[in-house]
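Student: A predicted structure for the sequence below; I have some questions about it.
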Amino acid sequence: MGIKDFFMRKMLERQMKDLPAEQREKMIGVISSNPEFFQKIATEIKQKQKEGRDQTAATMEVMRKYQGELQKIMGAHQ
């Protein structure tokens, strides 16, 4: 694991601290194996927030847009 991966994992663990350990590990695995996709989602959420949407609304809008891809990714990691 490179230093970048280490810090990414620690950041994700902090953000998901309320999830059960098993779910947290699954999500970290999914995000780590698809970093470009999740970076694209994060960028779009930030852009929508800059346009005036609150974080929840922006997140829901972007997640709906990528729902099919997210389902495929999550299904592949079960």
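Tutor: The structure has been received and is ready for your questions. None of these values were measured; they are calculated from a predicted model. Residues are numbered from 1 along each chain as shown.
Student: which sections of this structure are below the confidence cut-off?
Tutor: For the chain, the stretches flagged by pLDDT under 70 are 1, 78.
Student: mind listing the helices for it?
Tutor: Along the chain, the segments classed as helices by DSSP state H run 3-15, 21-33, 35-50, 55-65, 67-76.
Student: which one in the protein is furthest away from the centre?
Tutor: residue 52 (21.2 Å; CA atoms, centre = their mean).
Student: Quick check on that one: phi, psi?
Tutor: phi 110, psi 0 (degrees, to the nearest 10).
Student: ok, back up a step: would you mind giving the helices of the chain as a markdown table with mean neighbour count added?
Tutor: (C-beta placed from N, C-alpha, C; glycine too.) Shown next, in a markdown table, are those (neighbours: other CB atoms under 10 Å):
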| stretch | mean neighbour count |
| --- | --- |
| helix 3-15 | 11 |
| helix 21-33 | 14 |
| helix 35-50 | 14 |
| helix 55-65 | 14 |
| helix 67-76 | 12 |
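Student: who's in contact with the residue nearest the centre of the chain?
Tutor: Nearest residue to the geometric centre of the chain (CA atoms, centre = their mean): residue 38, 5.1 Å. Residue 38 makes contact with residue 31, according to CB atoms under 8 Å, 6 or more residues apart in numbering.
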